[in-house]
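Visitor: okay, sequence plus prediction incoming.
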Amino acid sequence: MHDPVNDFDMISEGRRLVGEAAALGFPLRLLGGVALWVRSSEEAHGLFGRRYPDIDFVCHKKQSRELRKLLEELKYSPQRTFNAAHGAKRLLYHAAQGYQVDVFLDVFEMCHRLDFRERLEVEDLTLPAAELLLTKLQVVEVNRKDLSDVLMLLYDHGLAEDDGPRLLNTARVATLCAADWGLFTTITDNLAKLHDVVPELVPDKVVASLLQGRVNEISQCLEQAPKTFAWKLRAQVGRRKVWYELPEEVVR
């Protein structure tokens with residue numbers, strides 16, 4: 001299995017940037033593939049690791065000026081046109097080695113909107129596992145890469161009602177999905193796809209059974225969670241009205 005650090009040490013660079021921000025007094029947290037890698041064991045890397053072409057982060061919008069200054073001092077080049085148009089929510093920078101740094105400010109808006117403001121400082125290096133799961137499963141046109149990334153997360157994270165280094169807070173996932181019918185629908189659709197693809201991605205039957213069990217448990221948690229009035233109103237309309245956005249492709 002490909003080890004991303006054999007090309008450029010994206011993992012160390014991700015950790016370094018989080019540390020540089022902390023030294024300046026503001027939180028920066030990893031998300032995306034690099035975040036999943038640093039949270040996972042060597043066994044999970046061997047099963048599901050891949051090449052990570054970019055490093056993704058979340059930062060508070062109110063500290064975007066400090067972040068911009070830091071990245072430029074570290075010789076990252078801003079994608080000026082994109083940043084001028086979208087800099088209130090998202091920033092893109094390029095490294096000399098060819099990879100990209102993608103920073104979401106407070107919120108993550110792709111197929112669905114996820115607000116990270118109150119969750120940014122729950123853990124020291126990455127967003128909590130619940131948010132990492134949601135960012136992967138909120139993709140309407142989910143692909144095998146995204147599903148494999150989720151399996152790497154589930155391989156090492158026990159399901160719980162709290163956050164932690166090897167815990168996935170299903171209560172947090174259920175609460176967000178119980179308030180948003182659209183998010184619930186995309187997440188549950190993708191959990192069903194994930195369950196079905198496990199045997200193809202995981203030849204070991206014992207490991208496959210473990211993962212399918214965790215997928216089923218998350219699905220049941222979402223189904224059983226009490227839904228808000230707004231969720232129930234939107235459910236009456238159902239799939240007759242589109243419940244997601246298709247984000248524009250970002251020019252790399």
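Guide: Here it is on my side, so go on.
Visitor: CA atoms for contacts and neighbours, from now on please.
Guide: OK.
Visitor: list phi and psi for Val58.
Guide: When read as degrees, to the nearest 10, the backbone of Val58 gives phi -130, psi 140.
Visitor: which non-adjacent residue is nearest it?
Guide: Residue nearest to Val58 in three dimensions, not counting chain neighbours: Phe104, with 4.7 Å by Cα to Cα, 6 or more residues apart in numbering.
Visitor: right, and the one you found touches Arg90 too?
Guide: Yes: Phe104 is within contact range of Arg90, at 4.5 Å (criterion: Cα atoms under 8 Å).
Visitor: tell me if I am right that the residue nearest to Val58 is in a strand.
Guide: Yes: assessed by DSSP: H, G, I helix; E, B strand; the rest coil, Phe104 belongs to a strand.
Visitor: and it, how many residues sit next to it?
Guide: A count of nearby residues for Phe104, using other Cα atoms under 10 Å, gives 23.
Visitor: could I get the phi/psi values of Arg166?
Guide: According to degrees, to the nearest 10, Arg166 has phi -120, psi 30.
Visitor: ok, back up a step: ok, the residue nearest to Val58 to Pro78 distance?
Guide: 14 Å (Cα to Cα, to the nearest Å).
Visitor: tell me where the model's unsure across the chain.
Guide: 1-8, 250-252 (pLDDT under 70).
Visitor: which stretches of it form strands?
Guide: Secondary structure of the chain, counting by DSSP state E: strands at 28-31, 54-59, 77-78, 90-94, 100-105, 107-109, 113-115, 158-160, 167-169.
Visitor: distance check, Leu74 against Ala22.
Guide: Taken as Cα to Cα, the span from Leu74 to Ala22 is 15 Å.
Visitor: Arg117: neighbour count?
Guide: 14.
Visitor: hmm, Val107 and it touching each other?
Guide: Yes: taking contacts as Cα under 8 Å, Arg117 lies within contact range of Val107: 7.1 Å.
Visitor: chain neighbours aside, what residue packs nearest to Val202?
Guide: Nearest to Val202 is Ala208, by Cα to Cα, 6+ apart, at 5.6 Å.
Visitor: show me what contacts that neighbour?
Guide: By Cα atoms under 8 Å, 6 or more residues apart in numbering, the contact set of Ala208 is Val198, Pro199, Val202.
Visitor: so who does the first one touch?
Guide: So that's Val198. So Val198 contacts Ala208, Leu211, Gln212 (Cα under 8 Å, 6+ apart).
Visitor: of the residues you listed, closest to Gly33?
Guide: Nearest to Gly33, judged by Cα to Cα, of the contacts of Val198 is Leu211 at 18.6 Å.
Visitor: what about the helices in this protein?
Guide: In the chain, the segments counted as helices under DSSP state H are 10-23, 32-39, 42-48, 64-73, 80-86, 129-137, 144-156, 170-178, 181-201, 205-224, 229-237.
Visitor: His112 is nearest to which of those helices?
Guide: helix 181-201 (6.5 Å).
Visitor: next one: the closest residue to Val173 other than its chain neighbours from Pro226, what distance?
Guide: Of all residues not flanking Val173 in the chain, Ala130 sits nearest, at 6.0 Å (Cα to Cα, 6+ apart). Counting by Cα to Cα, the separation of Ala130 from Pro226 is 18 Å.
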